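K.L.:
When you get a sec, could you give me coordinates for this:
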Amino acid sequence: LDWWQAGRYCEQHFAQLLLEPQDSEQGSLSTLLQSHHIRGSVWLKERDSVLHKAKRRRGHTVPVLVFRDKTDTKYVKVLCDFPSLAAVTACAHLQWDTRSQDIATVFSYAVPAFINEFQLRGFVDEEGFVRFALIVHGHHSPYLPVFRADGQWHHFCVTWQQDNGTWAIYADGKRRAAASGLCSVGPSAPQAISGQGTFIIGQDQDSLGGTFRAKESFSGNITDLHIWHKVLSTEHIERARSCWVVEQDLLFGWSSNALEVESTVQTVAMKLLCPGPVEECRVLEVGSSGFSYASCLQPLPFICHYSKDAYWQLKRAQLESSHALARRVNALAVRTVIPDSVFSGGVQDLNLSVALDALDVLAAVLREGEVPVLEPSDLLAVLQLLKQVSDLEIQEGDELEMLEQLGQYYMEVTELILEEQNSGTWSLISQVIRGPMAVVELCDRMVSLLVPLLTTERTKITIQHGNIGLHRVTMKNMWFGYGSLQRCLSRSAVSQATAAPDGAQKFLGTSVGTAVISATLLSDQQEISAAVRYRLQHRAQVPRAAPGHFPVFSLVLLHVSPDAGGMWSTAGCSVAKSLPDSTACFCNHTTNFAILLQVYEMEQRTTKEEFTLQTLTFIGCGVSFCALMVTFILFLAVGVPKSERTTVHKNLILALAAGEALLMVSELAKPSQVLCFMVTAFLHLFFMAALSWMLVEGLLLWSKVVAVNMSEGRRMRFYYVTGWGLPVLIVGVTLASSFDKYVAANHCWLNVQTNVIWAFVGPVLLILAVNSLVLLRVVTVTVASARRRSRMLTPNSSLESQIGTQLWATAKPVLVLLPVLGLTWLCGLLVHLSIVWAYVFIVLNSLQ
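P.N.:
Model (predicted):
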């Protein structure tokens, strides 16, 4: 077996892997093994190593780049033609200059189309750790600790692949961070890193190959940089750390001949001590009596070692056993669940189904009391099976109901073997098993198997039988003062939230308003997810808001799970209680949490203000709806001559009336999720159509004041496509791309917490911009016409009279056209300043 499997096998058989012999034992042990016809390499467990890893180091002379201080001149350019990269790995050894806590750029890769195409940045935090963040296509991972800022040499690797935007950061042979979704853009797949770019070591490129800033430059030493156009495996990353170059798919190998070094950057030759591969384990070479190392994943012979007392206690238990339990269980299972001897038990490759059947039968036999008092061999056999089950690896596709049932049976079996009548049996195997606390350790292992059962709906697992239950997790909390993280959060995650691909809320003018906590749940050293409630105290000193702006504490979290990509988001979290000095929150998962202070956000409205706004909306829309219907009937009844203008007016009336009618009854649809969704979609459609027909009103006016070479028939077809076709397209695309995030939580309207709202706000802003230009043009033409008419008809009029005529000529089209062109919607841009503007916006647009 491989080294890990061999260790598990020995443990399951109440032994341990053969320990590395003392010098005086080597000869006799080698002779003993040869007498049993054992040759070659045999796995060993090292006496003085907890990790059981090799400690060999080898010298490796390399050119080292010395970046003595942070400047805007020192840089090194990699002379390599980079192809388009669907996957990439970059590894290097570096020494970090601990004198500066500013952000430093280890390397940056820029292409003509995008400067921040591929980049690695870092800084030293106040806890003394170097934190790295990876940037791909301008999308930023969170800054995460990778190694201590101790002035020593450290090895790092960063990997990224186009498939799902998966990325990882390794340091000193261990994976420190990993997730997916970095650089994903909406529903489309991530793009490959573009080729034909410029790769610079030690500087951030603000233009292609140049425009460096001292504050973002690297200070320290770096060497042994290699780049591959694939994602290296953990084994290959360990080889790179050990200074063995992986030649396959190598894009750039470290060589001073392949570097363009700026004159002030010093290059020195240095002997780098490289660690031995982590994946190499100790072996005994039988015959030569020597020791060496082999890949831990290589299958080799092994020997399980027992202490003499444990061995004789096991032998006695086997010899004195009646095998009643084994026979009964094996007969019911119609296969060998419990072997005749703990020594002879082979390597069992248990899966979930086999383990469930075995524990089911065993629990039934123990439950029925067919074996009232367990014999030592029976107890050992049960413990052996529990060890094997706790070492299971849950596979994708395994049924979660089976997994939970396995936990139930596991708890029942452990409860039954700890019953009082078996206390004497435990003392008879005390040399093999150090008391019933062994069961506690096995239950700890079982916890990690149940991780897939945790969901956002099911936030806690409790499996209990009698006095034994799985309801134990370890909560690990880390606290970071807002001052220590304000720098990196404001520069990275907060600013990058404006481009968050997962639809994270956009925050402008943001600062950290509380400490940042990192909540982690551990079970048997495996991280699991669960719901968490917490309260964060607000900062005593908050930034002073500008006049008319309102600071609001808003819940967000720094998402470092694998679907989301290291961005600020409110996903899965809600505010439980908001007080002036603190905010209490509930989240359905663990991660890093903080409360952000938003400036330029709308102040919280009172219940009375909300009621007033709703009442004004209902009254205004009611009056407007009646007026629109009367106008539409008059158009039909009076027989207004058919023209482009009347046709456009009729379509605008229909769209606006339908939208306002739906808006008045939208609150009634809130109890039904499906009905609310439909109302939201139609509100989106009709108000989008109303604004599109306002755009058509503007285009029609433009055609009257500016000569447009297009026939009336063609113009009307264009108007219908703009008025109805464009809204249908926008709503259809929005529904297709954001179906699950479409509706707001508390209203039948678009979700303002995600990018969905821009499917309405974006086109509205465009329409208002176009119509503003139209109004400006119409006013200009009208004023010029009024001036000419005034000079012709009343050439001798006074200056005051001429000014009055021109003011009226300006005011008249503005007053008439503001509502027709929908320019009253511009008041919506001012709503966040004061509740008064909200009232103005409601009155003007409900009565439009």
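K.L.:
wait, isn't residue 356 in contact with residue 409?
P.N.:
Yes: because the distance of 7.0 Å satisfies CB atoms under 8 Å, residue 356 is recorded as touching residue 409. C-beta: built from backbone N, CA, C; applies to glycine.
K.L.:
quick one: buried residues of the lengthiest helix in the chain?
P.N.:
In the chain, with assignment by DSSP state H, the single longest helix is helix 758-793. Under the neighbour-count criterion of 16 or more other CB atoms under 10 Å, helix 758-793 has 759-760, 763-764, 767-768, 770-771, 774-775, 778-779, 782-783, 786, 790 buried.
K.L.:
Could I get the average pLDDT for it?
P.N.:
Average pLDDT, helix 758-793: 82.
K.L.:
again, but for stretch 645-659
P.N.:
pLDDT averaged over stretch 645-659 gives 90.
K.L.:
Roughly how far does residue 843 sit from residue 639?
P.N.:
According to CB to CB, to the nearest Å, residue 843 and residue 639 sit 34 Å apart.
K.L.:
Mind checking which of the two has more residues around it?
P.N.:
residue 843 (16 against 8; other CB atoms under 10 Å).
K.L.:
In terms of pLDDT, where does residue 176 sit?
P.N.:
For residue 176, pLDDT reads 85.
K.L.:
And for it, the neighbour number?
P.N.:
16.
K.L.:
just checking, what packs against the longest helix of the chain?
P.N.:
helix 673-705, helix 726-737, helix 799-820 (3 or more CB pairs under 8 Å, 6 or more residues apart in numbering; DSSP states H and E).
K.L.:
now with 6 Å?
P.N.:
The helices and strands touching helix 758-793, judged by 3 or more CB pairs under 6 Å, 6 or more residues apart in numbering; DSSP states H and E, are helix 673-705, helix 799-820.
K.L.:
and the angle from it to helix 726-737?
P.N.:
160 degrees (axes from the mean of the first three to the mean of the last three CA atoms, to 10 degrees).
K.L.:
starting at the chain centroid, how far to helix 758-793?
P.N.:
47 Å (CA atoms, centre = their mean, to the nearest Å).
K.L.:
Quick one: residues contacting residue 89.
P.N.:
159, 228, 231, 232 (CB atoms under 6 Å, 6 or more residues apart in numbering).
K.L.:
Serialize the residues you listed to TSV and add fields for secondary structure, distance to residue 17 and pLDDT.
P.N.:
Below are the contacts of residue 89 laid out as TSV (DSSP: H, G, I helix; E, B strand; the rest coil; distance: CB to CB, whole Å; pLDDT from 0 to 100):
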residue	secondary structure	distance to residue 17	pLDDT
159	strand	33	93
228	strand	35	92
231	coil	32	91
232	coil	29	89
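K.L.:
residues contacting residue 216?
P.N.:
Contacts of residue 216 (CB under 6 Å, 6+ apart): 103, 105, 204.
K.L.:
How about residue 66?
P.N.:
Counted by CB under 6 Å, 6+ apart, residue 66 has contacts 221, 266.
K.L.:
hmm, 7 Å instead?
P.N.:
With contact taken as CB atoms under 7 Å, 6 or more residues apart in numbering, residue 66 is in contact with 221, 265, 266, 268.
K.L.:
Which ones among those residues map onto helices?
P.N.:
Per DSSP H, the contacts of residue 66 never map to helices.
K.L.:
Of the residues you listed, grab the buried ones for ChimeraX.
P.N.:
Here is the ChimeraX command that selects only those of the contacts of residue 66 that count as buried (16+ other CB under 10 Å):
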select :221,265
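K.L.:
and of the contacts of residue 66, the nearest to residue 716?
P.N.:
residue 265 (68.5 Å; CB to CB).
K.L.:
Does the closest one touch residue 69 like I think?
P.N.:
No: between residue 265 and residue 69 there is no contact under CB atoms under 7 Å: 11.1 Å.
K.L.:
Could you list the low-pLDDT ranges of the stretch 501-650 of the chain?
P.N.:
501-530, 539-572, 580, 588-605 (pLDDT under 70).
K.L.:
one more time with 90, if that's ok
P.N.:
Filtered on pLDDT under 90, the stretch 501-650 of the chain yields the residue ranges 501-622, 624, 631-648.
K.L.:
Could you tell me whether residue 61 really is in a helix?
P.N.:
No: counting by DSSP: H, G, I helix; E, B strand; the rest coil, residue 61 falls outside a helix, being strand.
K.L.:
what's it in contact with, if anything?
P.N.:
Neighbours of residue 61 in contact, by CB under 7 Å, 6+ apart: 269, 271.
K.L.:
go with 6 Å
P.N.:
Residue 61 touches residue 271, counting by CB under 6 Å, 6+ apart.
K.L.:
Over to residue 237?
P.N.:
157, 170.
K.L.:
if you set the cut-off to 7 Å instead, what comes out?
P.N.:
91, 157, 170.
K.L.:
do the same with residue 819
P.N.:
residue 848.
K.L.:
how close does it sit to residue 700?
P.N.:
For residue 819, the distance to residue 700 - CB to CB - is 15 Å.
K.L.:
How about residue 23?
P.N.:
100 Å.
K.L.:
Give me the neighbour count for residue 726.
P.N.:
Neighbours around residue 726, by other CB under 10 Å: 18.
K.L.:
what does residue 109 give?
P.N.:
26.
K.L.:
what does residue 128 give?
P.N.:
Counted with other CB under 10 Å, residue 128 comes out at 11.
K.L.:
likewise residue 661?
P.N.:
Neighbourhood size, residue 661 [other CB under 10 Å]: 17.
K.L.:
I'd guess it is in a helix, am I close?
P.N.:
Yes: per three-state DSSP, residue 661 lies within a helix segment.
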